[in-house]
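> Curious how this folds, go ahead:
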Amino acid sequence: MFPFNVRVYGILVNDQQEVLISDERTENVSFTKFPGGGLEYGEGLLDALIREYKEECAFDIAIMRHIYTTDFYEKSSFNDSQIISIYYQVKNISAIHIRTTSQAFDFDAQQRDEDNKLQAFRWVHIDELTTADLTFKTDQIAWMEFLKIIKSY
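Next comes the predicted model:
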C-alpha cells in the first residue's frame, strides 16, 4: 500500500508566451498535465523536478518560484494513494530539442518509455490554455494560481 504519493511539476513558459504541456497515455488512460512526476525516496522536491524534466524533456531547468501545493484530498487515478502535488514556475537553462506538436495526443508510437507510456509535448499560448485543457484538478488549480501570480506583476 502507498498511503501518500508526492508529485512535483513545473510550469514553463517560453519567450513566445507559450506553456509546455504533456499529453500522456498509460494503462489505457489518457491525460494532459504539466511536465513532472513522482518524488523518489531520499530526494528533495527541487531535485526531483530537475530530474523529471531531464528524464522527460531532456533539458535542464532552473526553479523560479513556488506556485501551488495541494491543499485538499485527492485520490490517485492509478492506485489507492493520496496525491500531494507541488508546482513551481521553471525556466529552461539548456536548449529545448524535444518533439512538440500542435495537436492533442499526437503520439509517436515508436517512443514508448520503460513503463510503456506514450508522451507528446505541446506548446499552448498562455492566453489560450484553459483549465479544461488540463485533466487533473490539481493542475487546473495550479494553472489558475499561476495566472494570478503573473498578472500581479
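
> quick one, longest helix in this structure?
helix 137-151 (DSSP state H).

> From the contact counts, what lies against that one?
Helices and strands touching helix 137-151, as assessed by 3 or more C-beta pairs under 8 Å, 6 or more residues apart in numbering; DSSP states H and E, comprise strand 4-12, strand 61-69, strand 82-92. Bear in mind the C-beta positions are built from the backbone N, C-alpha and C, glycine included.

> need the ones you listed in CSV with mean pLDDT, mean neighbour count and distance to Gln140, can you?
Output for these, formatted as CSV (pLDDT from 0 to 100; neighbours: other C-beta atoms under 10 Å; distance: least, C-beta to C-beta, whole Å):
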stretch, mean pLDDT, mean neighbour count, distance to Gln140
strand 4-12, 97, 21, 12
strand 61-69, 98, 16, 10
strand 82-92, 97, 20, 11
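
> Could you export those strands as CSV, including distance to Ala132?
What follows is these, written out as CSV (distance: least, C-beta to C-beta, whole Å):
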stretch, distance to Ala132
strand 4-12, 17
strand 61-69, 18
strand 82-92, 18
